[in-house]
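>>> What follows is a protein structure lacking sequence information:
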């Protein structure tokens, strides 16, 4: 629809008939606490939506507490919104963790300091594992996080190669240089990956996901460091429908379209690619069977043309070359040392990018295992 001469997407609300959420504890009145949760997520918003739709709110908790056991500020879902409570004493923090106070943000003082030291040691050890193209791209992306004009930019990391960027920041003990956020609602701490993505150990703040997305939607993010499944000649990115399979966008759309700067990170090709790096060079031993730089993405999860309208700075960083979005299309502005421009980049793309007149070679330090 058009509002004040601008095009908008209108999403019509629909009723929620049943909301099933989990929390930590419920008192005898039915007041709900999230005290031991690793993330608040959108449990409160779900309960509210179901309640105001005339639906049913069912809450699973680990323990039932006496009346008055919860302080008023500890109650995140009031009993007036709750229809039923299920108590499961075996409820865990996650599939992999029974309970850890570092995940629920409950550690303070010396216990927190010791836990943070353990986290840092793990990140340093992880950074010394076998060097690969993931670490090379992460090092290149690291530069962009501190190239914003902000003394301490607000950052969001996505899944995939951005995991390696977050680990690099942690291993270098540089958390104080940024405000690290995740869409699940946490600030700071040590980010987890895999099935624990969205959790952070020893976070500095834990908000509801809905509040975090309000912050993102209002333009609070300085840099979004995200992965990509494929991108095309217009700079549009697809992460939601790959190989004909719908995997969904998660929080990608809200994050990518509202960040002032978007840094997409990933490999240039997939399936069967063999690379060699670690000595200051990047060599392609075998090209991939699947091209990720395509004429037109299968589904638009981030729109390049709309990014230009919004005035976003958009970069696409790969192990072979760095691209940027311009009014005239995608431009290759950097090439990795050891990479052949025609054979390893241009011949592996389904469209012809612009090539910067002053095409630069990336710093060899990004490709040196050390």
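It's in. Bear in mind that the values here come from a model prediction, so they are computed numbers and not experimental data.
>>> Which residue ranges make up the domains of this protein?
The record's domain parsing of the chain by automatic domain parsing lists 18-87, 116-367.
>>> Nearest to residue 5 among those domains would be which one?
domain 116-367 (12.5 Å; CB to CB). Backbone N, C-alpha and C define where each C-beta goes, glycine included.
>>> For residue 114, give me phi and psi.
phi -70, psi -40 (degrees, to the nearest 10).
>>> separation between it and residue 102?
Taking CB to CB, to the nearest Å as the criterion, residue 114 is separated from residue 102 by 10 Å.
>>> For the two, work out which one has more neighbours and name it.
residue 102 (23 against 12; other CB atoms under 10 Å).
>>> In contact with the more buried one, which residues are there?
By CB atoms under 8 Å, 6 or more residues apart in numbering, the contact list for residue 102 reads 112, 115, 119, 201, 202.
>>> Quick check: PyMOL command selecting the buried ones in those.
To isolate the buried subset of those in PyMOL, counting by 16 or more other CB atoms under 10 Å, use the following:
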select buried, resi 115+119+201+202
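>>> Save the contacts of residue 102 as CSV, and put in distance to residue 195 too.
Formatted as CSV, the contacts of residue 102 follow (distance: CB to CB, whole Å):
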residue, distance to residue 195
112, 24
115, 21
119, 18
201, 15
202, 19
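>>> Among the contacts of residue 102, find me the one that's closest to residue 305.
The shortest approach to residue 305 among those belongs to residue 201, at 39.5 Å (CB to CB).
>>> and that closest one, how far is that from residue 209?
Using CB to CB, residue 201 is found at 18 Å from residue 209.
>>> Then residue 311?
27 Å.
>>> So for the two, which residue has more residues nearby?
The neighbour comparison of residue 311 against residue 209 (other CB under 10 Å) goes to residue 209, with 21 against 7.
>>> Hmm, that one is touching residue 182, no?
No: assessed by CB atoms under 8 Å, residue 209 is found out of contact with residue 182, at 9.4 Å.
>>> show me what contacts residue 199?
So residue 199 contacts 38, 39, 94, 103, 184, 186, 191, 192 (CB under 8 Å, 6+ apart).
>>> roughly how far apart are residue 284 and residue 320?
7 Å.
>>> mind listing what the most centrally placed residue in the chain touches?
Closest to where the C-alpha atoms of the chain average out (CA atoms, centre = their mean) is residue 158, at 2.1 Å. Neighbouring residues of residue 158 by CB under 8 Å, 6+ apart: 224, 225, 226, 227, 252, 255.
>>> Which one of those residues is nearest to residue 56?
residue 252 (30.7 Å).
>>> List the beta-bridge partners for residue 205.
residue 187 (DSSP bridges).
>>> Let me see the contact set for it.
By CB under 8 Å, 6+ apart, the neighbours of residue 205 are 186, 187, 188.
>>> State the pLDDT value of it.
You'll see residue 205 listed with a pLDDT of 96.
>>> try residue 264
As predicted, residue 264 sits at a pLDDT of 98.
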